[in-house]
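> show me the folded form of this:
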Amino acid sequence: MPNRYICTVLEEMRQCYKTRNFSYLEGLIEEAQSLGDRMESALEDKNYIILNRKVLSKLKKEIKELEEKRDELKGEM
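Sure thing, here's the model as predicted:
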């Protein structure tokens, strides 16, 4: 089954209204809800990845500073 967009489902809902055939409207509502949930989940996952990249960058910087400090202390011994 190919990916469907929420806009496609909404267009089918409009078609239901135009023809006044509401027999499959409930299924379209469920599909729209499912697609909206997937979209929200994907956005949340993307934000989580961006946050983790920022934390990783800070940790790498901290590790580099600590390694430099370690090398400096080894030189003093």
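
> and the longest helix anywhere in the chain, average pLDDT?
Of all segments of type helix in the chain, defined using DSSP state H, the longest is helix 25-76. For helix 25-76, mean pLDDT rounds to 95.

> by contact count, what packs against that helix?
helix 6-19 (3 or more C-beta pairs under 8 Å, 6 or more residues apart in numbering; DSSP states H and E). Where you see a C-beta, it was placed from the backbone N, CA and C, and this is true even at glycine.

> circling back: quick one: the longest helix of the chain to helix 6-19, angle?
Relative orientation of helix 25-76 and helix 6-19, computed by axes from the mean of the first three to the mean of the last three C-alpha atoms, to 10 degrees: 170 degrees.

> what's the offset of helix 25-76 from the middle of its chain?
Put simply, helix 25-76 sits 11 Å off its chain's centre (C-alpha atoms, centre = their mean, to the nearest Å).

> now swap in stretch 15-32 and tell me
28 Å.

> could you tell me the end-to-end distance of it?
Using C-alpha to C-alpha, to the nearest Å, the end-to-end distance of stretch 15-32 comes to 15 Å.

> start at 54 instead
Sure, I'll start numbering at 54, so the last one becomes stretch 68-85.

> buried sites along that stretch?
Using 16 or more other C-beta atoms under 10 Å as the test for burial, stretch 68-85 gives 81, 84-85.

> which residues sit against stretch 90-104?
residue 59 (C-beta atoms under 8 Å, 6 or more residues apart in numbering).

> ugh, wrong one, I meant stretch 113-130
In contact with stretch 113-130 (C-beta under 8 Å, 6+ apart) are no residues whatsoever.

> need the buried residues of stretch 68-85 in TSV with distance to residue 68, can you?
Formatted as TSV, these follow (distance: C-beta to C-beta, whole Å):
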residue	distance to residue 68
81	10
84	14
85	14
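
> can you tell me which of those residues is closest to residue 105?
Nearest to residue 105 among the buried residues of stretch 68-85 is residue 85, at 30.6 Å by C-beta to C-beta.

> just give the nearest non-adjacent residue to that closest one, would you?
Of all residues not flanking residue 85 in the chain, residue 62 sits nearest, at 4.7 Å (C-beta to C-beta, 6 or more residues apart in numbering).
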